[in-house]
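Novice: build me a structure from this.
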Amino acid sequence: ICVAERATSLVIAPAVKALKFFVLIFVLGAGIACGLGLVAVKHIVEPIQMLARTARSIRSGDLDRTAQIDSRDEIGDLTIAFNSMTRHLKESLSNLEAEITERRRTEQSLRESETRYRQIFENIQDAYFEATLDGQMIEVSPSIETITHFQREEYISHPLHAIAVDAAEIQDLIQQLLNT
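Specialist: Sure thing, here's the model as predicted:
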């Protein structure tokens, strides 16, 4: 009986040895696969995290910040596109600031010019008027009140020839202005 038991253990021993070998190979393979997986994840995640940090810096106003990722894959392409968009954003912002500065300067100049015009217009001693091409008065200087003793509002929106001494002469003048 003892011989049979020994014979069974001798028969099973190579199978147990093979099973241990396969388990060892499996554990080593799983360890290597996990290690390679971690390296691959790190290779993908780190550049994306760096790009996200750069994006947060740019969102905070640091338009001089660029993503520094040297990769020749999709993440590298994304980095190049991201840096290009940041550069374009910085240029657009700079152009917009220049336009705003120029517009403010122009508006200030226009306000000063309007103030000078208004002062001249309100203090002119002669009668000054503006009329449309069909002779409708649209502006009359305040001095008209001193010259004619009528309110300037009485002249505005009336045809020039209705208040002029010689309506035909006014029509000729308008015609001459249209021809020049």
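
Novice: local confidence estimate at residue 25?
Specialist: pLDDT for residue 25: 96.

Novice: please name every helix or strand in contact with the longest helix along the chain.
Specialist: Longest among the helix segments of the chain by residue count, using DSSP state H, is helix 2-59. Judged by 3 or more Cβ pairs under 8 Å, 6 or more residues apart in numbering; DSSP states H and E, the packing partners of helix 2-59 are helix 74-123. C-beta here means a position set from N, CA and C on the backbone, and glycine is covered the same way.

Novice: what angle sits between the helix it packs on and helix 2-59?
Specialist: Relative orientation of helix 74-123 versus helix 2-59 (axes from the mean of the first three to the mean of the last three Cα atoms, to 10 degrees): 20 degrees.

Novice: number the residues from 48 up from this point.
Specialist: Sounds good: first residue 48 from here, last item helix 121-170.

Novice: what's the first helix or strand after helix 121-170?
Specialist: Next helix or strand after helix 121-170 toward the C-terminus (DSSP states H and E): strand 176-178.

Novice: following element in sequence after that following strand, please.
Specialist: Later in the chain than strand 176-178, the nearest helix or strand by DSSP H and E is strand 184-187.

Novice: what does the helix or strand that that following strand is followed by rub up against?
Specialist: As assigned by DSSP H and E, the chain's next helix or strand after strand 184-187 is helix 191-195. Helix 191-195 has contacts (Cβ atoms under 8 Å, 6 or more residues apart in numbering) with 174, 176, 197-199, 202.

Novice: turn those into a markdown table, columns for neighbour count and distance to residue 97.
Specialist: Below are the contacts of helix 191-195 laid out as a markdown table (neighbours: other Cβ atoms under 10 Å; distance: Cβ to Cβ, whole Å):
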| residue | neighbour count | distance to residue 97 |
| --- | --- | --- |
| 174 | 16 | 75 |
| 176 | 15 | 71 |
| 197 | 12 | 79 |
| 198 | 12 | 75 |
| 199 | 17 | 71 |
| 202 | 21 | 74 |
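
Novice: redo those as CSV? Include distance to residue 67 and pLDDT.
Specialist: Listed next are the contacts of helix 191-195 as CSV, based on distance: Cβ to Cβ, whole Å; pLDDT from 0 to 100:
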residue, distance to residue 67, pLDDT
174, 118, 82
176, 114, 84
197, 121, 79
198, 117, 85
199, 114, 86
202, 116, 83
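
Novice: all good on my end, thank you.
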